[in-house]
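Visitor: sequence below, structure please.
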Amino acid sequence: MEIIEGESLVDDKPTITKVTISNGQFEQINTVLDRLEIDKFQEYYIFPGVCDGTQWSFTAYLASGKILKTSGSNAWPEGFEEFIRLFETVRGDKELCEEDD
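Guide: Numbering: from 1, shown residues only. Purely as a prediction, here's the structure:
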């Protein structure tokens, strides 16, 4: 299985990273996503009055056929830090079970 990640824009084109994961890693990822209840994430999170900062988006194509899209500007759902750590792990930036000190 591959996870495709657009990290940034260069000349208005996304920079794409593809990561191949094992079935075991996929199951671990699903466990984290289930615990975070990503299917209950709002469509958009915003912290009004800020013109710069952090913008993010996430799209998932679920086995049920449902497409989950969520994004935000300077605001995020509860558990977002764990969500980010999960994808750092997938990219190889961290170990899957590593905890922050």
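Visitor: residue ranges with poor pLDDT in this protein?
Guide: For the chain, applying pLDDT under 70 flags the ranges 1-17, 93-101.
Visitor: mind listing what's buried along the longest helix belonging to it?
Guide: Longest helix in the chain by number of residues, with DSSP state H as the criterion: helix 23-36. Within helix 23-36, the residues that qualify as buried by neighbour count (16 or more other CB atoms under 10 Å) are 25, 28, 29, 32, 33, 36. Where you see a C-beta, it was placed from the backbone N, CA and C, and this is true even at glycine.
Visitor: same check on stretch 69-77?
Guide: Using 16+ other CB under 10 Å as the test for burial, stretch 69-77 gives 70, 71, 72, 73, 74, 75, 76.
Visitor: returning to that earlier point: how far is the following helix or strand past the longest helix of the chain from where the chain is centred?
Guide: Next in sequence after helix 23-36, counting helices and strands by DSSP states H and E, comes strand 44-46. In this view, strand 44-46 has its centroid 15 Å away from the chain centroid, taken as CA atoms, centre = their mean, to the nearest Å.
Visitor: mind giving me the packing neighbours of strand 44-46?
Guide: Of the remaining helices and strands, those touching strand 44-46 by 3 or more CB pairs under 8 Å, 6 or more residues apart in numbering; DSSP states H and E are strand 67-73.
Visitor: partner strands of the strand it packs on and their direction?
Guide: Paired neighbours of strand 67-73 in the sheet (DSSP bridges): strand 44-46 (parallel), strand 55-61 (antiparallel).
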